[in-house]
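Asker: sequence first, then the predicted structure, then my questions.
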Amino acid sequence: MATPTGKARCIICEKEKSAVRCEGCSQMFCYNHLPIHHQELSKQLDEIEQNRDLLRQ
């Protein structure tokens, strides 16, 4: 999901620290905010799956 890139600005806290680039959206996240981003993506995927299930009924 992510690739280490060294010092960069986190898209959420905007602090320059060790960060990784999300390969899905190409945005930079510090190690504190990367799990939050992952959780948001998982939540979005869950919603898509629920909508798909509703359409199948």
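Answerer: Happy to help now that I have it.

Asker: now do the strands in this structure.
Answerer: Here the chain has its strands, by DSSP state E, at 2-9, 16-22, 28-30.

Asker: if you compare these, which one is most tucked away?
Answerer: strand 28-30 (a mean of 21; mean count of other C-beta atoms under 10 Å). In short, each C-beta sits where N, CA and C put it, glycine included.

Asker: what packs against it?
Answerer: strand 2-9, strand 16-22 (3 or more C-beta pairs under 8 Å, 6 or more residues apart in numbering; DSSP states H and E).

Asker: among those, which gets the worst mean confidence?
Answerer: Mean pLDDT is lowest for strand 2-9 among the helices and strands packed on strand 28-30, at a mean of 70.

Asker: what distance do you get for the residue most central in space within the chain to Leu55?
Answerer: Geometric centre of the chain, nearest residue: His37, 3.2 Å, by C-alpha atoms, centre = their mean. In this view, His37 and Leu55 are 27 Å apart by C-beta to C-beta, to the nearest Å.
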